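Participant: pasting the sequence and the predicted coordinates here, then a few questions.
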Amino acid sequence: MSRSRIIGGLRFGVCGLLLAVIFHIIFCNEVQLSLPAGEWQSLSRWQQRQRAWTDGPRALWEMSNRVRPVELAASFGACGLVILVGGLRWRQVLRAQGLDLSVAAVLRISLVAQFFNAFLLGTAGGDVVKAWYAARSVPEKKPEAALTVFADRLLGMVALLMFAAVLMLPNLGLILRYERHAAVALLLTGMLLASGTLIAVGFYSDLLQHDGWVPRMVRRLPKGDSFSRALVACRQFGHHPGFMTRMALWSLAVNVCVVAAFGALAHGLGIELPDFAVLGRSLPGQVTLWYVIPAVVCVAALPVTPAGLGVREHLFVWLLAIPSLGVKPGAALSLSLLGYTVNLLWSVIGGIVYLVLPDREEIAAAGSATE
């Protein structure tokens, strides 16, 4: 068995374990709250587990059914806008490298990549598909085409981290009060510093210029010429007029859509966070939700489990189900699961687009190369 398959299996194992623990805790909590006082403690441990996994799923299903069709439609539409606007942002990255794909082609590729990201067992199947398409459109610029995928992912992550960092400020009281929020805030800060350093070095420093020592060393490696070309091309982003400004605006639109997709579901689930005061002014509780959502999305993007399953659910429950916010664990878990379900629906649409493509066999071969 290959090393990548072993790593993939371990990631799925971690994902399953996290989900099992989260579901068990929340099922126990939901059943305990529904029973008369003292009855839960009178049950044996086996009886508690049996009641939890018998009545708990029903309670979670009833919680999820609170979301009305209009709120589901709003979340579905916002999630679609994330793919649309994200694809248009990637088109700007392509154009900065002299690769001009049509809007229709970019959206088609983005939908297919959405499908591969959700269903392929590899770690970055969707990104490989995007890079393969871009490289095929301009064969003489394959390294630069592959670079655009990485650059778009990096710029999008930095923008989302900055979005979360700005919203940390009004939520500073919550972060200082709860160690779990402080830990997430420190992790986000570290991720922002690391990704910001990559952009500063890659886009603006002289380390990656053609005659720099880094590209020269890379060219000595087997097949290092292509990788060296990609590294050198990074500097083109920093020297392209207005590129970073356009990326900031496109990324802001993506971030707003991400928050809107989860916000619609939170409203449908009845998740209403209490208002709080900052510098003598009262702020609505939604400001806390606007901070938690991008924070969870950023941490869940780390390559721990497939599609962030388990990690995302744990974080939503961990950050929202605290006394000062008053969110029930079942509601926080439902928010995460419904958000994933809506995203999965768009993956299914991407799969349909993939099935009608004439070159789907070649795409599958490119995507499976990451397994």
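Facilitator: On my side now, so go ahead.

Participant: ranges for the strands of the protein?
Facilitator: Secondary structure of the chain (DSSP state E): strands located at 276-278, 281-283.

Participant: near the residue lying closest to Pro284 once chain neighbours are set aside, how many other residues are there?
Facilitator: Distance criterion C-beta to C-beta, 6 or more residues apart in numbering; nearest residue to Pro284, sequence neighbours excluded, is Asp275 at 5.6 Å. C-beta: built from backbone N, CA, C; applies to glycine. Residues within reach of Asp275, counting by other C-beta atoms under 10 Å, total 12.

Participant: my guess is Asp275 contacts Gln286. True?
Facilitator: No. Judged on C-beta atoms under 8 Å, Asp275 makes no contact with Gln286 at a distance of 9.3 Å.

Participant: near Ala248, how many other residues are there?
Facilitator: For Ala248, using other C-beta under 10 Å, the count is 14.

Participant: got a list of what it touches?
Facilitator: By C-beta atoms under 8 Å, 6 or more residues apart in numbering, the contact set of Ala248 is Ala159.

Participant: could you check the pLDDT of it?
Facilitator: We have a pLDDT of 93 for Ala248.

Participant: what of Leu289?
Facilitator: Confidence score, pLDDT, at Leu289: 93.

Participant: likewise for the one 10 residues further on?
Facilitator: At Val299, the model reports a pLDDT of 90.

Participant: one more: Leu320?
Facilitator: Note on Leu320: pLDDT of 93.

Participant: how about Leu208?
Facilitator: For Leu208, the predicted pLDDT is 80.

Participant: does it touch Cys234 like I think?
Facilitator: Yes. Assessed by C-beta under 8 Å, Leu208 is found in contact with Cys234 at 5.4 Å.

Participant: find residues that contact each of those two.
Facilitator: Taking C-beta under 8 Å, 6+ apart as the contact rule, Leu208 and Cys234 both touch Gly202.

Participant: separation between Glu292 and Pro222?
Facilitator: I think there's a mix-up here, since residue 292 is Val and not Glu. 46 Å (C-beta to C-beta, to the nearest Å).

Participant: same check on Met168?
Facilitator: Distance from Met168 to Pro222, counting by C-beta to C-beta: 44 Å.

Participant: do the same with Val166
Facilitator: 44 Å.

Participant: next one: Asp127
Facilitator: 23 Å.

Participant: any low-confidence regions in the stretch 51-200 of the chain?
Facilitator: Along the stretch 51-200 of the chain, the parts satisfying pLDDT under 70 run over 56, 59-60, 63, 119-125.
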